Structures are given as structure tokens and as C-alpha cells.
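J.: only the shape, not the letters, is given here:
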């Protein structure tokens with residue numbers, strides 16, 4: 001009959017299995033770090049499934065990047081509290097980069113250059 005579309009959980013598991021040889025070649029602490037990255041991707045399953053990207057690994061990497069950025073922000077807050085510096089960033093360069101506004105565009109919107117996002 002018809003083909004069943006795999007859930008993103010299944011896709012993530014297949015991707016993790018595909019990286020198993022790479023993982024085995026890493027030192028133990030690096031294996032733990034890789035496991036943390038895949039755990040971050042697993043925490044964002046709903047967003048990844050909703051995005052429905054043609055290449056699922058893109059959603060996985062974006063989830064990993066979001067988690068890494070959250071950790072950086074937490075560390076910046078901790079450094080700010082510990083040093084007593086009010087409003088200062090741990091990385092001054094971030095103050096120089098203007099924020100980017102992203103607008104989600106419907107797929108049938110002819111005005112957008114990219115059918116998914118407009119900056």
C-alpha cells in the first residue's frame with residue numbers, strides 16, 4: 001500500500017546510528033560531548049518536526065546550535081554576576097552585531113526571495 005513517513009524521532013535515531021563509527025573513534029570525553037549534542041537535538045523534536053526540512057540534519061544542527069547559544073548566554077550571565085559588571089557581555093563583539101529580524105513567510109507568498117524565511 002502506501003509508504004509510512006517516519007517520525008522525526010525515528011529519523012534522529014537513524015542519524016545517530018549513522019554517526020556511531022565516528023563516535024567510537026572519539027575519546028570518552030568527546031563521546032560524552034557528542035551525546036550531549038544529540039540530546040540537544042532530541043529536546044527540540046517538536047520544532048524540528050514542524051520545520052519539516054528536506055534535509056533533517058539541518059534541523060538537528062540548528063537545535064544543537066540553539067542549545068549551545070543558550071549555554072553561552074547562561075555563562076555570560078554567570079560571569080556578569082560573578083564579576084559584578086552590570087550589563088556587560090562576556091564577549092564584547094556581540095554588542096557590535098545588530099540583531100536580525102526573521103519573518104516567517106507563507107510558501108505561496110510571491111514577494112519573498114526565500115520561500116521559508118525573509119530577513
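T.: Ah, there it is. Owing to the predicted nature of the structure, the values given are computational and were not obtained by experimental measurement.

J.: counting residues per helix, which one in the chain is longest?
T.: helix 56-83 (DSSP state H).

J.: pull the helix or strand with minimum mean pLDDT from the chain.
T.: strand 117-118 (a mean of 49; mean pLDDT, DSSP states H and E).

J.: returning to that earlier point: tell me the buried residues in the longest helix of the chain?
T.: The neighbour-count check on helix 56-83 (16 or more other CB atoms under 10 Å) flags 56, 59, 60, 62, 63, 64, 67 as buried. C-beta: built from backbone N, CA, C; applies to glycine.

J.: the second one against residue 47, yeah?
T.: Yes: counting by CB atoms under 8 Å, a contact exists between residue 59 and residue 47, whose distance comes to 7.3 Å.

J.: which stretches in this protein count as strands?
T.: 103-104, 117-118 (DSSP state E).

J.: so what's residue 11 up against?
T.: residue 56 (CB atoms under 8 Å, 6 or more residues apart in numbering).
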